[in-house]
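Engineer: Got a predicted structure here, sequence first:
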Amino acid sequence: MSDIVQIRIGKNAVGIIGLKEALTEVAETMRAAPDEKIREELIARLSERNYISDHAIDSYGQAFLVEYKKFVGESFAEEKRGGIEIKVLGPGCPPCDRLEREVMAVMDETGIIADLDHVRDAKDIGRYGVMGTPALVINGEVKAVGVVPPRAKLKAWILRAANKLKTDGRG
């Protein structure tokens, strides 16, 4: 049975069936191919097992190409979505899950809307350069490693990120 991997398509998180298999196969057979060919191949392979509407095919293709570039270790331009991005890094251990729950509680308490993602894959966690879990990343900045910070500290960081968006004119 294939794994379902959640990726970002525009502003939405979408589950994709067989993504890792497709990335592995395409990386083996099309390593030096141009981006457009890789994108087309990923769309062809993944549309066999996932519904991709005609009007969203470009968005899916771009997201698949970004996932491919991450997979093979190539650089890519990440799309900025303009909101607060919070990532909990950890394999799903009790402290990691507790950190995720604490962040959700702070978001609920403050009414702040953020894109919250729990990154569980060891390779993806390693890209952040952290040497312990749980770890917390807010808008690309590592805030905590190896601990679940007190709720007051989490609240201060999230409020600061929200205020920064307002002063930058993005919130």
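Structural biologist: Nice, thanks for sending it over.
Engineer: all contacts plus neighbour counts: C-alpha atoms, from now on.
Structural biologist: Noted.
Engineer: where in the chain is pLDDT low?
Structural biologist: 1-2, 11, 77-82, 168-171 (pLDDT under 70).
Engineer: which residue ranges form the helices in it?
Structural biologist: Remark: helices assigned in the chain by DSSP state H are 19-29, 35-47, 57-72, 94-110, 122-126, 151-167.
Engineer: Any chance of CSV for the ones you listed, columns mean neighbour count and distance to D3?
Structural biologist: Listed next are these as CSV, based on neighbours: other Cα atoms under 10 Å; distance: least, Cα to Cα, whole Å:
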stretch, mean neighbour count, distance to D3
helix 19-29, 16, 8
helix 35-47, 18, 13
helix 57-72, 19, 15
helix 94-110, 17, 21
helix 122-126, 14, 16
helix 151-167, 15, 32
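Engineer: now for these, which one comes closest to N12?
Structural biologist: Using Cα to Cα as the measure, helix 57-72 is the one of these that comes nearest N12, at 10.7 Å.
Engineer: Specify the angle between that closest one and helix 35-47 in degrees.
Structural biologist: Between helix 57-72 and helix 35-47, the angle comes out at 100 degrees (axes from the mean of the first three to the mean of the last three Cα atoms, to 10 degrees).
Engineer: Which among the helices of the chain is found nearest to I84?
Structural biologist: Short answer: helix 151-167, nearest of the helices of the chain by Cα to Cα, at 6.7 Å.
Engineer: Now do the closest one: which elements does it pack against?
Structural biologist: For helix 151-167, the elements it packs on are strand 84-89, helix 94-110, strand 135-138, judged by 3 or more Cα pairs under 8 Å, 6 or more residues apart in numbering; DSSP states H and E.
Engineer: circling back to that earlier point, got CSV for the helices of the chain, with distance to K87 too?
Structural biologist: Below are those laid out as CSV (distance: least, Cα to Cα, whole Å):
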stretch, distance to K87
helix 19-29, 21
helix 35-47, 26
helix 57-72, 17
helix 94-110, 9
helix 122-126, 10
helix 151-167, 12
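Engineer: for those helices, which one sits closest to A13?
Structural biologist: Using Cα to Cα, the helices of the chain put helix 57-72 closest to A13, at 10.7 Å.
Engineer: That closest one: how far from the chain's middle?
Structural biologist: 12 Å (Cα atoms, centre = their mean, to the nearest Å).
Engineer: For the residue nearest to G132 when sequence neighbours are not counted, which residues are in contact?
Structural biologist: Leaving aside its chain neighbours, G132 sits nearest to G146 (5.0 Å; criterion: Cα to Cα, 6 or more residues apart in numbering). The contact partners of G146, taken as Cα atoms under 8 Å, 6 or more residues apart in numbering, are 132-135.
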